[in-house]
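1. Predicted structure and sequence below. I'll ask about it afterward.
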Amino acid sequence: EAGVAQSPRYKIIEKRQSVAFWCNPISGHATLYWYQQILGQGPKLLIQFQNNGVVDDSQLPKDRFSAERLKGVDSTLKIQPAKLEDSAVYLCASSWSRGYYNEQFFGPGTRLTVL
Amino acid sequence: AQTVTQSQPEMSVQEAETVTLSCTYDTSESDYYLFWYKQPPSRQMILVIRQEAYKQQNATENRFSVNFQKAAKSFSLKISDSQLGDAAMYFCAHNAGNMLTFGGGTRLMVKP
């Protein structure tokens, strides 16, 4: 079974530029998550999708971050414009459904550096 | 709101020895799951073990076991017969209401 795929693995941009990250979840997983992991900290949930609908985006900085999951499969997370404090690893995860008992499977992450 | 605290930023263990990683959490939910995730240097997070709050029996997975103290809101991870491949960041996480909340992590070093 293929795991969660993410691209790119690394991205370096200057502040005020835009950047987009892509995630392909495990086939059949209805729920998709985007996390931000700042160096030395645990991941923090940014947004959660159930199929192609947003379930929770309460911690997403909506003035600069946006995400979509078209057709309930792949997802894209965008930052526009980027700030220095956005430097982090962005993790995508997926699970069969939304239940709190469900294991979340994580991708390798995208390391973003904002200069 | 849920919070998860890991008070040990770093731990070290000799190969083949046993180590225990600590985790405390705070929640107002009555039913929830607790997880330990491992994040090796390659960054891909993998599940080590999970515990349902309603189950009194502590979960075990081969060399990994937990000590779940619900009243104290404590959830520690014990790794027996430590191996070099166990070296990684370990994150304790709490899930209630579909939101997974992570602690700050403990870096485990394994000495040969």
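-> Looks like it arrived, so ask away.
2. burial count for the residue lying closest to residue B:70 once chain neighbours are set aside?
-> Distances taken as C-beta to C-beta, 6 or more residues apart in numbering or on different chains put residue B:53 closest to residue B:70, at 6.2 Å, once the chain neighbours are dropped. For every residue, glycine as well, the C-beta is placed using N, CA and C. For residue B:53, the neighbour count with other C-beta atoms under 10 Å in any protein chain shown is 20.
3. contacting residues for residue 36?
-> Because you didn't say which chain, this covers chain A. By C-beta atoms under 8 Å, 6 or more residues apart in numbering or on different chains, the contact list for residue A:36 reads A:43-44, A:46, A:88-91.
4. was after chain B, sorry
-> Residue B:36 touches B:21, B:23, B:47-50, B:64, B:66, B:75, B:77, B:90-93, counting by C-beta under 8 Å, 6+ apart.
5. Now with 7 Å, please.
-> B:48-49, B:77, B:90, B:92 (C-beta atoms under 7 Å, 6 or more residues apart in numbering or on different chains).
6. so the residue of chain A found nearest chain B, which of the three states?
-> Of all residues in chain A, residue A:42 sits closest to chain B, at 3.2 Å by C-beta to the nearest C-beta. Classification of residue A:42 using DSSP: H, G, I helix; E, B strand; the rest coil returns coil.
7. Just give the nearest non-adjacent residue to it, would you?
-> Counting by C-beta to C-beta, 6+ apart, the residue nearest residue A:42 is residue B:102, at 3.2 Å.
8. Confidence-wise, which helix or strand of chain A is lowest on average?
-> strand A:53-56 (a mean of 91; mean pLDDT, DSSP states H and E).
9. then that one to CSV, C-alphas only?
-> Extracted C-alpha coordinates of strand A:53-56, given in CSV (Å, rounded to 0.1, in the frame of the first residue of the first chain):
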residue,chain,number,x,y,z
GLY,A,53,-15.3,19.6,2.6
VAL,A,54,-13.5,21.5,5.4
VAL,A,55,-14.3,20.1,8.9
ASP,A,56,-12.0,22.3,11.0
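10. next helix or strand past it?
-> Counting by DSSP states H and E, the next helix or strand C-terminal to strand A:53-56 is strand A:65-68.
11. doesn't residue A:89 make contact with residue A:37?
-> Yes: judged on C-beta atoms under 7 Å, residue A:37 makes contact with residue A:89 at a distance of 4.5 Å.
12. For burial, what's the neighbour tally of the closest residue to residue A:83 other than its chain neighbours?
-> Of all residues not flanking residue A:83 in the chain, residue A:15 sits nearest, at 5.9 Å (C-beta to C-beta, 6+ apart). As a burial measure, residue A:15 scores 13 neighbours (other C-beta under 10 Å).
13. now do residue B:5
-> Neighbours of residue B:5 using other C-beta under 10 Å come to 13.
14. With residue A:80 instead?
-> 13.
15. likewise residue B:28?
-> With other C-beta under 10 Å as criterion, residue B:28 counts 8.
16. any idea which helix or strand carries the most centrally placed residue in chain B?
-> Per C-alpha atoms, centre = their mean, the C-alpha nearest to the average position across chain B is that of residue B:36, at 3.5 Å. According to DSSP H and E, residue B:36 maps onto strand B:33-39.
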